[in-house]
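Engineer: give me a 3D structure for the following:
(one chain, ligands or ions: 2)
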Amino acid sequence: MSSIRTGVFWHDIFKGQDWPIIGDKFMHFPEVLAEVLDYENVQLFESKPVSDELLLKVHTPYLVESFKQAWYYEGGSRTIGGMVEAMEKICEGKLTNALNFMVAVGHHAGRASAWGGTYASLTGPVIYNAREKYGIKKFAILDTDSHHADGTREIFFGDHDVLHVCFCSSNVIEDNGTKICVDAGYHTSDENYLNLVRKEFIPRIKEFKPYVIIHLLGHDTAEGDYGSRGLSKEFFLDLVRLVNKHAKEICEGRYLITSMGGDRVDLADYIFPNVVKILSGR
Ligand SMILES: [Zn+2]
Ligand SMILES: [Zn+2]
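Structural biologist: Numbers count the residues shown, from 1 in each chain. Ligands and ions are numbered 1, 2, ... in the order given. Next up, the predicted model:
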């Protein structure tokens with residue numbers, strides 16, 4: 001297990017601002033990561049901006065222009081840039097897994113329109129770049145934010161080499177069985193949700209055999225957060241342990257996590273350092 005290398009992609013611009021929907025939930029970062037960043041197999045990277053060229057592979061020129069003029073552009077751009085670099089390092093074998101921090105971009109951004117606190121796509125540029133640069137074909141996206149990932153779904157619809165499993169509020173199987181939504185239940189329990197992941201995600205990745213698992217790890221599903229489904233803070237760690245275990249079996253441990261929705265500072269402080277512990281093999 002000592003061969004595991006874990007990357008953490010962060011930039012100080014992510015703290016101290018009232019980001020759309022999630023607010024200043026990273027106000028205690030990167031300080032709360034101090035212990036895990038000391039591990040010899042964990043490395044901190046400063047998230048760099050994404051290029052316009054890459055954004056334009058996924059989005060219309062109008063969307064890119066609007067994004068660039070918004071106050072949250074630099075934070076959003078560095079979120080995507082960090083995630084792109086994390087995936088590059090995984091493809092190059094320099095990292096086994098990684099945690100990326102997100103503001104202002106994510107799963108509600110389609111090609112031409114975006115809403116809900118996420119004003120450009122995160123997975124779109126990451127997957128486009130990994131294919132162009134490294135010829136990687138198959139990706140699995142697990143979305144456990146509380147809300148339906150409409151933007152991600154639109155961008156990858158018709159692309160049968162992207163398995164997209166979205167835990168939201170309806171049961172859907174479409175696009176030759178590569179695009180799935182699972183009704184997580186309005187008020188559920190940790191165990192029921194984990195069982196749904198065991199039933200609806202794990203067997204599908206075993207069959208699909210992705211090169212890497214990309215996980216949009218929202219915690220808005222937590223009790224008391226804005227998209228609550230009644231989950232405890234321990235749930236998020238159990239979920240990451242479960243997916244990480246199967247990533248080791250299916251795709252040599254390649255597992256890229258990004259934060260997503262949720263605005264509770266105490267949850268962010270608790271979940272993300274522990275996620276790094278799990279990823280790094282503690
Ligand atoms: Zn959400
Ligand atoms: Zn969905």
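
Engineer: does the closest residue to Gly23 other than its chain neighbours count as helix, strand or coil?
Structural biologist: Distances taken as C-beta to C-beta, 6 or more residues apart in numbering place Asp263 nearest to Gly23, at 4.7 Å, with adjacent residues excluded. C-beta coordinates here come from the backbone N, C-alpha and C atoms, glycine included. Using DSSP: H, G, I helix; E, B strand; the rest coil, the three-state assignment for Asp263 comes out as coil.

Engineer: tell me who's in contact with Asp263.
Structural biologist: Neighbouring residues of Asp263 by C-beta atoms under 8 Å, 6 or more residues apart in numbering: 21-23, 25, 220, 225-226.

Engineer: can you show me the CA trace of stretch 245-258 as CSV?
Structural biologist: Only the C-alpha atoms of stretch 245-258 are listed here, as CSV (Å, rounded to 0.1, in the frame of the first residue of the first chain):
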residue,chain,number,x,y,z
LYS,A,245,-11.9,-0.4,-2.2
HIS,A,246,-13.5,-1.2,-5.6
ALA,A,247,-11.3,1.3,-7.4
LYS,A,248,-8.3,-0.8,-6.2
GLU,A,249,-9.9,-4.0,-7.7
ILE,A,250,-11.2,-2.5,-10.9
CYS,A,251,-8.9,0.3,-12.0
GLU,A,252,-5.7,0.0,-10.0
GLY,A,253,-6.9,2.5,-7.4
ARG,A,254,-7.3,5.4,-9.8
TYR,A,255,-9.9,7.5,-8.1
LEU,A,256,-10.4,11.3,-8.5
ILE,A,257,-12.7,13.0,-6.0
THR,A,258,-13.9,16.5,-6.2
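
Engineer: need the residues of the stretch 101-250 of the chain near ligand 2, please.
Structural biologist: 148, 166, 168, 181 (C-beta under 5 Å from the ion).

Engineer: was I right about the first one contacting Phe167?
Structural biologist: No. Look at His148 against Phe167 with C-beta atoms under 8 Å: they stay out of range, at 9.2 Å.

Engineer: isn't there a helix covering Ile141?
Structural biologist: No. Under three-state DSSP, Ile141 falls outside any helix and is assigned strand.

Engineer: what's around it, how many residues?
Structural biologist: 26 (other C-beta atoms under 10 Å).

Engineer: state the next helix or strand along the chain beyond the host helix or strand of Val240.
Structural biologist: Under the criterion of DSSP states H and E, Val240 resides in helix 233-251. Once helix 233-251 ends, the next helix or strand along the chain (criterion: DSSP H and E) is strand 255-259.

Engineer: ok and that following strand relative to helix 233-251, angle-wise?
Structural biologist: 150 degrees (axes from the mean of the first three to the mean of the last three C-alpha atoms, to 10 degrees).

Engineer: strand 255-259 close to ligand 1?
Structural biologist: No. Using C-beta under 5 Å from the ion, strand 255-259 stays clear of ligand 1, with a minimum separation of 11.2 Å.

Engineer: residues in contact with the next helix or strand after that strand: which ones?
Structural biologist: Counting by DSSP H and E, the next helix or strand C-terminal to strand 255-259 is helix 265-279. Helix 265-279 has contacts (C-beta under 8 Å, 6+ apart) with 4, 6, 8, 24-29, 32-33, 35-37, 39, 42, 96-99, 101, 217, 219, 222, 225, 233, 236-237, 240-241, 244, 255, 257, 259, 262.

Engineer: I'm done for today, thanks for sticking with me.
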